[in-house]
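Participant: I need the structure of the sequence given here:
(chains A and B, ligands or ions: 3)
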Amino acid sequence: MTVRVLRPATLAEALARLAESRCTVLAGGTDLLVRHRTAAGALPDLSGDVLLVGRLDALRGIARDGGALRVGAAATFAELLESPLVPDLWKEPFASVGSPAVRNVGTIGGNAANASPAGDSLPLLAALDGVLLLQSARGERMVPFRDFHLGPGRTALAPDELLVALRLPLLPHDRGVWWKVGPRRANAVSKLSFLGLAAVEDGIVRDARMALGAVAPTVVRVPQAETLLAGLRAVDVPAAADRVLALLSEAIRPIDDVRSTRAYRREVSLRLARRFLEEVLPR
Amino acid sequence: MKGLVRFTLNGAPVAVATEPLRRTLDLLRDDLGLTAAKEGCGEGECGACAVLLDGRLANACLLPAALLEGRSVLTLEGFRTTPRFAVLKECFEEAGAVQCGYCTPGMLLAAEALLSRNPHPSERDVRVGLSGNLCRCTGYAAILEAVLDAARKGEGLW
Ligand SMILES: Cc1cc2nc3c(=O)[nH]c(=O)nc-3n(C[C@H](O)[C@H](O)[C@H](O)COP(=O)(O)OP(=O)(O)OC[C@H]3O[C@@H](n4cnc5c(N)ncnc54)[C@H](O)[C@@H]3O)c2cc1C
Ligand code: FES
Ligand code: FES
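Facilitator: Ligands and ions are numbered 1, 2, ... in the order given. Purely as a prediction, here's the structure:
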């Protein structure tokens, strides 16, 4: 099996390579090396051209960009956790990815592009209405996360495109939760997850967002449910919980698989949503 | 097709001819004879293969050699000559934190990675720091104690 490993020095060079031939893009490799694992001592079964993008300057760094953060696609979870620019509420999902060794190497762009329904950064990207910057030799485009993640392992990336950066709006959320349900505290693939964020001002809910992970092919957000919460007095949210949960319940499509069952996922994800509405939002 | 990968290994610059996708774990153990890093799971879950990459913990079973280019790798063989190691060794021995020893190189490097960023960790910090390292023998309590002891006894070293 022939494999050519390409180490472009610049983004332009990387895009030129992608325009020439189909490449496997490798950032941290924590998903790819597991997926292409063979035997101890043997090479991973990657073939064709492998393009290393993890060290490209254009894909690195975390910086303020107006009312948002620009996060390079190759920023690692460890870098995000150490950055003073990243809001604490965002750090909870990042801190739940893998283990220290996985967070030191695994990238947020790799998590997004891998597009596993269980990817732990995806509910946050959905909840924030994050926008992804995709570039190819043909040009660049900004794609909202909801149009990026198309299904398990499927994204809007064209074969010649690279995910270069993520634009994540800095919103005035003052409370929130990230609950990940897995078999073990570290290195666990989520059975399901729940992210809730809210901004409460003078006792009134100004903005509330809920993103449910691993209970459908892509992250579930229900605009109607969020609209229903906006403008309520925080203390009145528990009374509205049943109506919100009914909307969420209709939207989720959990499945049975090796990690969990449909019934468990449904039950637990709705309970977590209830806990957010009854205990965290009115706090 | 082999290529040359240049990096710093345990403090010394090296240039190694290798398949660029060869796992760092195989490169270390089979090509360079450094056998402290062990293969447990081969898929990032157990930490037995841990090394420090630019001072950060990384699993060598998931690291293609090409990613080492220009970077610095520390294995237990390199760490073993440091005063920090001496303190960790003593504390691991005193706490009974080593039984079969298979996880120990990874545990020691995870402890080093943690203490070098956070010299006064809480118990919770240590649990998080070691959370990617599995031990089949000790039940973890002794390891936790050893790392907390090392932070105290090694005051000023980290
Ligand atoms: C032990 C272990 C535990 C884990 N635990 C978790 C967990 O708790 N939660 C979780 O969500 N994930 C987990 N993961 C999965 C993985 O670590 C993450 O998904 C990580 O973010 C992947 O990033 P990477 O840079 O390593 O990706 P890579 O393996 O380099 O790439 C992943 C995919 O994305 C593509 N890609 C990467 N970068 C780009 C780019 N810039 N443009 C276009 N395509 C790109 C690649 O072609 C590939 O298809 C775990 C993995 C391991 C091994
Ligand atoms: S062998 Fe690398 S993490 Fe288990
Ligand atoms: S001492 Fe045996 S695995 Fe930890």
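
Participant: relative to B:Asp30, how far out is the spatially most central residue of chain B?
Facilitator: Here the mean C-alpha position of chain B is nearest to the C-alpha of B:Leu109 (C-alpha atoms, centre = their mean), at a distance of 3.1 Å. B:Leu109 sits 20 Å away from B:Asp30, going by C-beta to C-beta, to the nearest Å. Just so you know, the C-beta spots here come from the backbone N, C-alpha and C atoms, and that holds for glycine as well.

Participant: check B:Cys103 too.
Facilitator: Between B:Cys103 and B:Asp30 the distance, using C-beta to C-beta, works out to 21 Å.

Participant: same check, this time on B:Arg136
Facilitator: Going from B:Arg136 to B:Asp30 by C-beta to C-beta gives 24 Å.

Participant: with neighbour numbers in mind, choose between B:Cys103 and B:Asp30.
Facilitator: Under the criterion of other C-beta atoms under 10 Å in any protein chain shown, the comparison of B:Cys103 against B:Asp30 puts B:Cys103 first, with 27 against 14.

Participant: what pLDDT does the model give the more buried one?
Facilitator: Model confidence at B:Cys103, given as pLDDT, is 98.

Participant: and for A:Pro183?
Facilitator: At A:Pro183 the predicted local confidence, pLDDT, stands at 87.

Participant: skipping adjacent residues, who's closest to it in space?
Facilitator: Spatial nearest neighbour of A:Pro183, excluding adjacent residues (C-beta to C-beta, 6 or more residues apart in numbering or on different chains): A:Lys191 at 7.5 Å.

Participant: count of residues packed around residue 48?
Facilitator: Picked chain A for this. The local packing count at A:Gly48 equals 13, with neighbours defined by other C-beta under 10 Å.

Participant: try again with chain B
Facilitator: For B:Ala48, the neighbour count with other C-beta under 10 Å is 24.

Participant: count the neighbours of residue 118 for me.
Facilitator: No chain in the question, so chain A it is. 20.

Participant: let's do chain B instead
Facilitator: By other C-beta under 10 Å, the residues close to B:Asn118 number 15.

Participant: ok, it touching B:Arg124?
Facilitator: No. When contacts are counted by C-beta atoms under 8 Å, B:Asn118 is not listed as touching B:Arg124 (11.1 Å).

Participant: what sits against the residue nearest to the centre of chain B?
Facilitator: Applying C-beta atoms under 8 Å, 6 or more residues apart in numbering or on different chains, one finds that B:Leu109 lies in contact with B:50-52, B:57, B:74-76, B:79.

Participant: restricted to helices, list those residues.
Facilitator: With helices taken from DSSP state H, the overlap with the contacts of B:Leu109 comprises B:76, B:79.

Participant: residues in contact with A:Ser21?
Facilitator: Taking C-beta under 8 Å, 6+ apart as the criterion, A:Ser21 is in contact with A:48-49.

Participant: also A:Asp207?
Facilitator: For A:Asp207, the contacting residues are A:171-173, A:197-199, A:226, A:230, taking C-beta under 8 Å, 6+ apart as the criterion.

Participant: can you name the element that comes right after the helix or strand that contains it?
Facilitator: A:Asp207 is part of strand A:204-213 when elements are defined by DSSP states H and E. Note on strand A:204-213: by DSSP H and E, the next helix or strand toward the C-terminus is helix A:223-229.

Participant: helices or strands up against that following helix?
Facilitator: strand A:204-213, helix A:237-251 (3 or more C-beta pairs under 8 Å, 6 or more residues apart in numbering or on different chains; DSSP states H and E).

Participant: how about TSV for those, with mean pLDDT and distance to B:Glu155 added?
Facilitator: Rendered in TSV, the data for the helices and strands packed on helix A:223-229 read as follows (pLDDT from 0 to 100; distance: least, C-beta to C-beta, whole Å):
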stretch	mean pLDDT	distance to B:Glu155
strand A:204-213	98	42
helix A:237-251	97	49
